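[1] Predicted model, plus sequence, below.
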Amino acid sequence: MWKVYKYTLLDLARNRFAIGYALLLLLVTVGLFMLEADNTKALISLTQVVLALIPLLALVFTIIYFYNQYEFTVLLAVQPMRRQSIIRAQFMAVSTALLLSFLFGVGLPVFAYAPGPIAWTLLLTSAALTLVFCALGMLIAVRQRDRAKAVGIGLATWVFMVLVYDSLLLWLMFSFSDRPIEPVIVPLAALDPIDLARILIMLKIDLAALLGYTGAVYQQFFGSSGGMFVSLVALLLWIQVPAWAATRVFTRKDL
């Protein structure tokens with residue numbers, strides 16, 4: 001497995017997308033800090049950009065890279081090597097490459113301009129989202145034989161999680177604000193990793209008060225140590241479940 005991981009990672013090091021991804025994040029991050037005199041406002045703007053951009057690029061790149069490496073993957077599959085090792089090595093290599101690009105493009109400027117707990121929260125949640133959408137992209141790619149269809153499903157998944165789900169959740173909260181729906185809202189928020197990451201960063205920046213009832217519900221649960229632990233477990237499940245499903249599908253797939 002480690003030989004496949006090493007080869008894939010070396011191949012990704014020469015990939016123009018991975019390099020361009022790091023430079024794009026660096027340009028956006030430095031630009032926001034240079035435009036905003038207040039570093040906290042720059043972090044808020046960066047959060048909105050990162051939570052939309054990272055899932056999209058991680059998802060699409062993982063899908064496309066899997067199809068670009070499909071012939072090599074088939075060649076590995078006929079070798080005396082377990083299929084689980086092949087797909088896990090590829091997932092780990094893609095995740096490592098995107099994480100390194102993210103840390104270079106966002107991590108270095110953030111710690112240079114605004115080090116602190118907010119920066120750590122932003123980096124950790126964004127790194128978790130990178131792993132989540134790499135796993136989702138791998139799952140979509142191994143289930144679909146057609147590249148265009150897989151990319152379309154990936155884009156639809158991104159649109160739903162970034163725009164549709166959050167809107168539905170807010171509509172539900174405001175429509176039933178006169179009823180005790182807190183036990184329902186908190187689990188529903190954990191069903192969208194992007195929404196979950198946004199909540200954690202928002203609470204760390206202390207913007208929950210600006211959201212009224214919505215912020216009060218989130219602050220009550222996610223602001224506690226138990227809420228932070230549950231959110232961490234939820235993000236880990238978002239990584240592990242799609243990765244496990246992708247491995248299971250790939251081992252049974254007729255290549």
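    That came through fine.
[2] how deep is Trp244 tucked in, by neighbour count?
    By the criterion of other Cβ atoms under 10 Å, Trp244 has 12 neighbours. The C-beta positions use only the backbone N, C-alpha and C, and glycine is treated the same way.
[3] any idea how far Met81 is from it?
    Noted for Trp244: a distance of 19 Å to Met81, by Cβ to Cβ, to the nearest Å.
[4] which stretches of this protein have low pLDDT?
    173, 177-183, 185-186, 206-228, 255 (pLDDT under 70).
[5] Give me the packing partners of the longest helix seen in it, helices and strands only.
    In the chain, taking DSSP state H as the definition, the longest helix is helix 39-68. For helix 39-68, the contact count by 3 or more Cβ pairs under 8 Å, 6 or more residues apart in numbering; DSSP states H and E identifies helix 16-35, helix 83-102, helix 108-113, helix 117-143, helix 147-159, helix 193-205 as packing neighbours.
[6] cutoff 10 Å now
    helix 2-13, helix 16-35, helix 83-102, helix 108-113, helix 117-143, helix 147-159, helix 193-205, helix 225-252 (3 or more Cβ pairs under 10 Å, 6 or more residues apart in numbering; DSSP states H and E).
[7] ok, and for the second one, which residues are buried?
    Along helix 16-35, the positions that meet the burial threshold by neighbour count (16 or more other Cβ atoms under 10 Å) are 17-18, 21-22, 25-26, 28-30, 32-33.
[8] so how far is Gly105 from the spatially most central residue of the chain?
    Centroid-nearest residue in the chain: Leu129, 1.9 Å away (criterion: Cα atoms, centre = their mean). Taking Cβ to Cβ as the measure, Leu129 falls 14 Å from Gly105.
[9] cool, Ala150 as well?
    For Ala150 relative to Gly105 (Cβ to Cβ), the value is 26 Å.
[10] And Arg248, by the same measure?
    From Arg248 to Gly105 the distance is 33 Å (Cβ to Cβ).
[11] hey, C-alpha coordinates of stretch 18-38 in PDB?
    What follows is stretch 18-38, C-alpha atoms only, in PDB (Å, rounded to 0.1, in the frame of the first residue of the first chain):
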ATOM      1  CA  ALA A  18      -2.500  20.700  -7.000                       C
ATOM      2  CA  ILE A  19       0.100  23.500  -7.500                       C
ATOM      3  CA  GLY A  20      -2.500  25.900  -8.900                       C
ATOM      4  CA  TYR A  21      -4.800  25.100  -6.000                       C
ATOM      5  CA  ALA A  22      -2.200  26.100  -3.500                       C
ATOM      6  CA  LEU A  23      -1.400  29.300  -5.300                       C
ATOM      7  CA  LEU A  24      -5.000  30.200  -5.600                       C
ATOM      8  CA  LEU A  25      -5.600  29.800  -1.900                       C
ATOM      9  CA  LEU A  26      -2.500  31.800  -1.100                       C
ATOM     10  CA  LEU A  27      -3.600  34.600  -3.400                       C
ATOM     11  CA  VAL A  28      -7.100  34.700  -1.900                       C
ATOM     12  CA  THR A  29      -5.900  34.500   1.700                       C
ATOM     13  CA  VAL A  30      -3.200  37.200   1.400                       C
ATOM     14  CA  GLY A  31      -5.500  39.400  -0.600                       C
ATOM     15  CA  LEU A  32      -8.200  39.300   2.000                       C
ATOM     16  CA  PHE A  33      -5.800  40.200   4.800                       C
ATOM     17  CA  MET A  34      -4.300  43.000   2.800                       C
ATOM     18  CA  LEU A  35      -7.800  44.400   2.000                       C
ATOM     19  CA  GLU A  36      -9.100  44.300   5.500                       C
ATOM     20  CA  ALA A  37      -7.500  46.300   8.300                       C
ATOM     21  CA  ASP A  38      -9.200  44.200  10.900                       C
END
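[12] Run the chain-centre distance for that stretch.
    In terms of Cα atoms, centre = their mean, to the nearest Å, the centre of stretch 18-38 is found 18 Å from the chain centre.
[13] before we move on, the earlier item: what is the following helix or strand past the longest helix of the chain packed up against?
    Following helix 39-68 in sequence order, the next helix or strand is helix 70-77 (DSSP states H and E). If contacts are counted by 3+ Cβ pairs under 10 Å, 6+ apart, helix 70-77 sits against helix 2-13, helix 83-102, helix 225-252.
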